[in-house]
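K.L.:
need a structure here:
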Amino acid sequence: MLRVFFDIDGTLLLTDGAGRSALRSAMERVYGTSGPLDGYHFHGKTDPQIVLELMGAVGLEVGYVRGLMASMWPVYLERLRTELELRRAAARIIVLPGVAKLLATLESEAGVSLGLLTGNIEEAAVLKLEAAGVRSRFDVGAYGSDSETRSEIARIAVERSRLMSQHQREDLAHVVVGDTPEDIACARAVSAGAIAVATGRHGASELVEAGADVVFDDFRDTDAVVRSILMLRGVGASPEARGNGGSR
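P.N.:
Here you go, the predicted model:
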C-alpha cells in the first residue's frame, strides 16, 4: 500500500494571504504585536514555529509566548474563517494547476490513499481545504497542532498511517509531496520518497538542490506526476526515479 502525504499551502492551493492576515489579527489581540510580520516568510514552517519566531523577534520570552498560544488559536481560527470567506466570495482562493485531476487520479489507483502533512494547525488545514473544495479526499494527516517541528510532524503522520492501514512496516510505503525544502526534509526524516513542485516560493532548481527525487513546475501533466509517485512506492529515494517525468 502507498500513502501519499500532501502539503497544503503552495502545493495544493493558495489563499491570497488569508492565513497571514488572520495571524496578524490574532497575535495583535493576544500578544499586543504581530512582530516583524511584513517580509517574514511562512513557507515550510509550522504555525506554532511562526508565532514563536515572530514573538521572539520582539523580545517576548518563549515560555510566555507558549503560555498564551492556546488562547490565541481560537482567535486565529475565527479570523481565518472570515478571511477565507471574503476571498472565496471574490474567487481569490486558487486550487493550483493540475491538483484536482491529480488527486482524483491517485484516489482511483489501487492500493493508494491520500494524507496530509502540513504546518497548519489541524483546524486551519480543514478550513483552507473546505474553502478550496478539496477537504474530503484525505483520510489521515499530521499538523502543526501536533508539533512545532516539521520532522516530528512527519513521524506522527507515518505512525498514524501505519496504525490506520494495519499493514506491517514492509508493506506500507510513503511519499511526501510539497513545495519547500522543508517538505523534502520531512520525507527524508521518515525515509519516504520526495516529490516537489515549484508552485510556491521556491524554484525548481532550488528544490532539486534540496534533494527531491522528482521536481515538477506544476501538476498539469497528471500522468507524469502519478508515474513518478508510483515509482517511489518502494520507500525512499530510488536512483531510477531521479530525472524522470518532468524532473529538473
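
K.L.:
Pull out the buried positions in the lowest-mean-pLDDT helix or strand in the chain.
P.N.:
In the chain, no helix or strand scores lower on mean pLDDT, DSSP states H and E than helix 150-165, which sits at a mean of 93. For helix 150-165, the buried set under the neighbour-count rule, 16 or more other C-beta atoms under 10 Å, comprises 150, 153-158, 160-162. Using the backbone N, CA and C atoms, a C-beta is placed for each residue, glycine as well.

K.L.:
Looking at the residues you listed, which one is closest to Glu206?
P.N.:
Arg150 (17.1 Å; C-beta to C-beta).

K.L.:
and Asp171, how many neighbours?
P.N.:
11 (other C-beta atoms under 10 Å).

K.L.:
Repeat that for Val177.
P.N.:
Val177: 29 neighbours (other C-beta under 10 Å).

K.L.:
Repeat that for Gly32.
P.N.:
10.

K.L.:
Flag the shaky bits of the chain, pLDDT-wise.
P.N.:
167-170, 234-248 (pLDDT under 70).

K.L.:
what are the ranges of the helices in it?
P.N.:
18-31, 47-57, 62-89, 99-108, 122-132, 150-165, 181-189, 204-209, 222-231 (DSSP state H).

K.L.:
Return the residues in contact with Ser21.
P.N.:
Counting by C-beta atoms under 8 Å, 6 or more residues apart in numbering, Ser21 makes contact with 79, 83.

K.L.:
ok so, going back, buried deepest among the helices of the chain, which one?
P.N.:
The highest mean neighbour count among these, using mean count of other C-beta atoms under 10 Å, belongs to helix 181-189: a mean of 23.

K.L.:
how about the nearest residue to Val65, chain neighbours excluded?
P.N.:
Spatially, and ignoring its direct neighbours in sequence, Val65 is nearest to Met55 (4.4 Å; C-beta to C-beta, 6 or more residues apart in numbering).

K.L.:
wait, doesn't the one you found sit right on Gly35?
P.N.:
Yes - taking C-beta atoms under 8 Å as the definition, Met55 is a contact partner of Gly35 at 5.8 Å.

K.L.:
which residues do these two both contact?
P.N.:
In contact with both Met55 and Gly35: Met27, using C-beta under 8 Å, 6+ apart.

K.L.:
nearest to Ala196, of the helices of the chain?
P.N.:
Nearest of the helices of the chain (C-beta to C-beta): helix 204-209, 3.9 Å.

K.L.:
re earlier: packing partners of the least confident helix or strand of the chain?
P.N.:
Applying 3 or more C-beta pairs under 8 Å, 6 or more residues apart in numbering; DSSP states H and E, one finds that helix 150-165 contacts strand 2-6, strand 112-117, strand 140-142, strand 173-178, helix 181-189.

K.L.:
Any chance of the ones you listed in TSV with distance to Tyr40 as columns?
P.N.:
Output for those, formatted as TSV (distance: least, C-beta to C-beta, whole Å):
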stretch	distance to Tyr40
strand 2-6	24
strand 112-117	22
strand 140-142	24
strand 173-178	20
helix 181-189	15
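
K.L.:
coming back round to it: which residues sit in contact with the residue nearest to Val65?
P.N.:
So Met55 contacts 27, 31, 33, 35, 65 (C-beta under 8 Å, 6+ apart).

K.L.:
ok, of the residues you listed, which one's closest to Val75?
P.N.:
For the contacts of Met55, the nearest to Val75 is Met27 (8.8 Å; C-beta to C-beta).

K.L.:
Help me confirm that that closest one comes into contact with Thr33.
P.N.:
Yes - shown here, Met27 and Thr33 form a contact pair, counting by C-beta under 8 Å, at 6.7 Å.

K.L.:
rewinding a little: could the buried residues of helix 150-165 go into JSON lines alongside distance to Gly39?
P.N.:
Output for the buried residues of helix 150-165, formatted as JSON lines (distance: C-beta to C-beta, whole Å):
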{"residue": "Arg150", "distance to Gly39": "22"}
{"residue": "Ile153", "distance to Gly39": "25"}
{"residue": "Ala154", "distance to Gly39": "28"}
{"residue": "Arg155", "distance to Gly39": "32"}
{"residue": "Ile156", "distance to Gly39": "31"}
{"residue": "Ala157", "distance to Gly39": "30"}
{"residue": "Val158", "distance to Gly39": "34"}
{"residue": "Arg160", "distance to Gly39": "35"}
{"residue": "Ser161", "distance to Gly39": "36"}
{"residue": "Arg162", "distance to Gly39": "40"}
